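In: output the structure for:
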Amino acid sequence: MASESSPTETVDPSITTEEAAVRLVQKRYESLMTVRAKALKGKGAWYWVHLEPVLVRNTDTGLPKAVKLRCSLCDAVFSASNPSRTATEHLKRGTCPNFIMPPSTSSGSSPPRPISSLPPPPLNPNPCTSSSSSGRKRASPVSAHLALMESQTIYGTPPPLSLPAPPVPEPVRTQTPQTVLSGGKEDLGALALLQDSVKKLKSPRAPPGPVLSKAQVESAMSLLSDWFYESCSTVSLSSVDHPKFRDFLRQVGLPPISRNVLAGPQLDARYSDARSDSDARIREAMFFQLSTSGWKEGGLISISVNLPNGTSVFHRALPVVARAPSDYAEEVLSEIINGVSRITAGGLNRCAGVVSDRFKSKALRNLENRHPWMVNIPCQIQAFHSLLRDFATELPLFQSAAGNCSRLVSFFNSNSEVRSFFHRYQVNEMGYSGLLRAPHAIDSWQPVYSMLEDVLNSARPIQLTVLDESYKQLCNEDPIAGELSEMVKDMSFWTDLEAVHSLLRLVREMVREMETDRPLVGQCLPLWEELRNKIKGWSSRFNADQLSAFKVLDKRLKKSYHPALSAAFILDPLYLEKDASGKYLPPFKYLTPDQEKDVDRLITRMVSPEEAHIALMEMMKWRAEGLDPLYAQAVQVRQPDPQTGKLRVANPQSRRLVWETSLSELRSLGKVAVRLIFLHASVCGLRCSGSMTKWLTMRGPGSERAHKLVFVAAHSRLERRDFRGDEERDGELFGNGEDDVVCNWDFRNLGRFFFFVFLEIHPCGNYYLNCTSLAQDFGGMGSLKA
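Out: From the prediction side, this is the model:
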């Protein structure tokens, strides 16, 4: 057929012979698929129902190399050069064991209907014996039409309307007794499997799944292994033995993977590569900062190394079975500093300092006294977490709101009658019902925060509960119910509740930003000042006691303060300010006199005694002249973050590099500046499952494998700069991206709502209102009109 012959294509002489051959093969395959698609719609030869074009690829390169025809009845494969001849030799001449040749039709046949218009054959057709003496089985209607289409294609199409339509034979229905199985209906599944096995043996098919080249298989298995290693905290290596996972590998054409291989030689090779890369990065750096986290919680101590170029590499995981004392932590830190310094081959002077989530007052300070060039600071993220605890224990507003809220939650959860009222209104207003979360003690901010969220989310059902007639009768019997009813109707209760919740959420949002951005030491004082300004706005919004909140804030800042926070802030070109003369000068005006003295003392401590007076003179020059305006503007260039849209520094490393280039004449001060500016002010923890932590604490080969697995996972996560856990991302997924979903009522309109409550309780004139139906009609308190 003309439509099935190989197309003539002019090959560009600039294309190689191999590329031209690939294009011809691909074009031949596409043309055959087009012809077959038309035939299936009734516009082509009959045999395309049984023949399917197949593109054969090179096992090494994966490129197309030939086009074949596969018989869908017996899975035999033939050349695609002449499909018509293949159909004649394979189908018509009885070569295919599963093809039944229809009887020849008389010349009185009319043109057949298209294949797409034929009715589907029955699932279990009954064989019909022919009345002829030949004894052959009568062909099905579909086979007859296919035979007519064949005669049309080969011998030409007879004139339409000249021949009558052939009669369609009716199948002979025979009464077959229903099969009775000894096992009853339970045997039907086994019978289906038996029939399926017989069908597969009769017409074996190739195993499902694509055929991948060797290079593709190796690449896919390498990526899969890396995923297992990097997800060791949430995914067990034993998951590879799950039958569904094995079926998945088989479906996509990959071989099964063994957990012994994953935890054996493949893990060893991956660990060796990661360890070599980590050591090479540490060796290239002029200095480093040690980061340790996990001391506060205990169990597993994560130790990583921060480098001047802004990257971090994992060093090791240290399991601790008990809460470590300060002297033990000091010994461990000293040992690790010596070990990392041996990698750099530069001595202890390469260590610029330590950042840790514990031991500020003793272990870190002792290390500074022994090594004066070190700057050991506490984790500022941990300081903000401690501030939340301080608010919970020292802020009077927190104690009052949390105490009242706890009384309300306890009564609603424990009183069965009130609980039934409350659940009914919960279902009506929120679509679900449940108990309110209650903390064991109100001096811990996390459970109190959860309780406040529950009460604010259920504010409408709570209001409707205390306005219910049955609850009012209960108030006459139980004085506690009456007290809580008056408290719920009091506007100040909801205002204090929202104020405390807003304050906690404000600090939590800053903590999340710090966990994502990982601030440097020079950014800490601006962050604390930003928090102070937010608390000012919070106190003016809720008319809260600003002095009490500032007192708690200043107390926590004093505990977590280190002189390096002020020194790095002054030496960081990012915070230079332009004065009236056009100079970019350091922001000394934001420091207190004591903080200015801290800057001088720290600089003289970090340099040698011979350079101390030189460093102070250079400090005076830096304070008077600052930085060249062009360099200062270049350092402070900001651009929007592609993910969050927030403005961020375009080139963070320029803050340090400008001291090594443009400010190279300030040699002594520059040595201090480059070591201070890159220091991180927070730690990034390592999360492991309970079983992995158990293996890390044990002795033997299992512990060694666990350490290698944790190292590979942590190294990869730091390389990707992925500092968030899977649990946080899952929380955003299931929480729709909003962890703090609170009731969006306007609590200032509660006064209007209780105006209607007053009318309902104390009728005046003709005002008789049902508060429950009123709230439902208006659809929310914020929409009530006075």
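In: what are the ranges of the strands in the stretch 451-600 of the chain?
Out: Per DSSP state E, counting those that start in this stretch, the stretch 451-600 of the chain carries strands over the ranges 577-578, 584-585.
In: what's the first one packed up against?
Out: In terms of contact count using 3 or more Cβ pairs under 8 Å, 6 or more residues apart in numbering; DSSP states H and E, strand 577-578 is assigned the packing partners strand 584-585. The C-beta positions use only the backbone N, C-alpha and C, and glycine is treated the same way.
In: in this structure Lys578 contacts Tyr584, no?
Out: Yes. Judged on Cβ atoms under 8 Å, Lys578 makes contact with Tyr584 at a distance of 5.5 Å.
In: so those two - more neighbours on which side?
Out: Legend: neighbour count by other Cβ atoms under 10 Å for Lys578 and Tyr584, higher for Tyr584 (21 against 14).
In: returning to that earlier point: so what sits against both of Lys578 and Tyr584?
Out: In terms of Cβ atoms under 8 Å, 6 or more residues apart in numbering, Lys578 and Tyr584 are both contacted by the residues 629, 632.
In: about what we covered before: of the strands of the stretch 451-600 of the chain, which is nearest Arg23?
Out: Arg23 lies closest to strand 584-585 among the strands of the stretch 451-600 of the chain, at 61.2 Å (Cβ to Cβ).
In: now do the closest one, average pLDDT.
Out: Averaging pLDDT along strand 584-585 gives 94.
In: same thing with stretch 487-505?
Out: Stretch 487-505 shows a mean pLDDT of 93 in the predicted model.
In: what's across from Leu55 in the sheet?
Out: Counting by DSSP bridges, Leu55 forms beta bridges with Val67.
In: again, but for Ser302
Out: Bridge pairing for Ser302 (DSSP bridges) gives the partners Ser293, Ala317.
In: Gly294 is in contact with that one, correct?
Out: Yes. Between Ser302 and Gly294 there is a contact at 5.3 Å, judged by Cβ under 8 Å.
In: returning to that earlier point: how about the strands of the stretch 451-600 of the chain, which one is nearest Arg57?
Out: strand 584-585 (62.6 Å).
In: just to revisit the earlier point, dump the strands of the stretch 451-600 of the chain into JSON lines; add distance to Cys74 as well.
Out: Output for these, formatted as JSON lines (distance: least, Cβ to Cβ, whole Å):
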{"stretch": "strand 577-578", "distance to Cys74": "84"}
{"stretch": "strand 584-585", "distance to Cys74": "83"}
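In: for the ones you listed, which one sits closest to Leu212?
Out: For Leu212, the closest of these is strand 584-585, at 59.1 Å, according to Cβ to Cβ.
In: list of residues touching the closest one?
Out: Contact with strand 584-585 is made by 573, 576-579, 623-629, 632-633, as judged by Cβ under 8 Å, 6+ apart.
In: next, Gly645: secondary structure please.
Out: Under DSSP: H, G, I helix; E, B strand; the rest coil, Gly645 falls in the coil class.
In: tell me, how many residues neighbour it?
Out: Neighbour count of Gly645, defined by other Cβ under 10 Å: 8.
In: quick one: it from Gln639, how far?
Out: Between Gly645 and Gln639 the computed distance is 11 Å (Cβ to Cβ, to the nearest Å).
In: for Trp373, same thing?
Out: Applying Cβ to Cβ, the value for Trp373 to Gln639 is 35 Å.
In: between these two, tell me which one has more neighbours.
Out: Using other Cβ under 10 Å, the more surrounded residue of Trp373 and Gln639 is Trp373, with 19 against 10.
In: list the contacts for that one?
Out: Neighbours of Trp373 in contact, by Cβ under 8 Å, 6+ apart: 349, 352, 606, 675.
In: Serialize those residues to CSV and add fields for pLDDT, secondary structure and neighbour count.
Out: Output for these, formatted as CSV (pLDDT from 0 to 100; DSSP: H, G, I helix; E, B strand; the rest coil; neighbours: other Cβ atoms under 10 Å):
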residue, pLDDT, secondary structure, neighbour count
Asn349, 88, helix, 13
Ala352, 93, strand, 23
Met606, 93, helix, 23
Arg675, 93, helix, 24
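In: buried residues, the helix ranked longest in the chain. List them.
Out: The longest helix of the chain (DSSP state H) is helix 491-517. Within helix 491-517, the residues scored as buried using 16 or more other Cβ atoms under 10 Å are 493-505, 507-508, 510-511, 514-515, 517.
In: for stretch 705-720, same thing?
Out: Neighbour-count burial for stretch 705-720 flags 705-719 (criterion: 16+ other Cβ under 10 Å).
In: now do stretch 460-476
Out: Here stretch 460-476 shows 460-468, 471, 474-475 as buried, counting by 16+ other Cβ under 10 Å.
In: flag the shaky bits of the stretch 301-450 of the chain, pLDDT-wise.
Out: Along the stretch 301-450 of the chain, segments meeting pLDDT under 70 span 442-443.
In: one more time with 50, if that's ok
Out: By pLDDT under 50, the stretch 301-450 of the chain contains no weakly predicted segment.
In: any chance you could map the helices in it?
Out: 326-344, 363-370, 380-394, 396-414, 416-430, 445-457 (DSSP state H, counting those that start in this stretch).
In: figure out which of these is closest to Lys214.
Out: For these, the distance to Lys214 is smallest for helix 326-344, at 38.0 Å, taking Cβ to Cβ.
In: pull the closest one out as PDB, backbone CA atoms only.
Out: The C-alpha trace of helix 326-344 is given here as PDB (Å, rounded to 0.1, in the frame of the first residue of the first chain):
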ATOM      1  CA  SER A 326      29.000  20.700  81.400                       C
ATOM      2  CA  ASP A 327      32.500  19.300  82.000                       C
ATOM      3  CA  TYR A 328      31.700  16.300  79.700                       C
ATOM      4  CA  ALA A 329      30.500  18.600  77.000                       C
ATOM      5  CA  GLU A 330      33.700  20.700  77.300                       C
ATOM      6  CA  GLU A 331      35.800  17.500  76.900                       C
ATOM      7  CA  VAL A 332      33.900  16.500  73.800                       C
ATOM      8  CA  LEU A 333      34.100  19.900  72.200                       C
ATOM      9  CA  SER A 334      37.800  20.100  72.800                       C
ATOM     10  CA  GLU A 335      38.400  16.700  71.300                       C
ATOM     11  CA  ILE A 336      36.300  17.500  68.200                       C
ATOM     12  CA  ILE A 337      38.100  20.900  67.700                       C
ATOM     13  CA  ASN A 338      41.400  19.100  67.800                       C
ATOM     14  CA  GLY A 339      40.200  16.500  65.300                       C
ATOM     15  CA  VAL A 340      38.800  19.000  62.800                       C
ATOM     16  CA  SER A 341      42.000  21.100  63.200                       C
ATOM     17  CA  ARG A 342      44.100  18.100  62.200                       C
ATOM     18  CA  ILE A 343      42.100  17.800  59.000                       C
ATOM     19  CA  THR A 344      42.900  21.400  58.100                       C
END
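In: alright, calling it a day.
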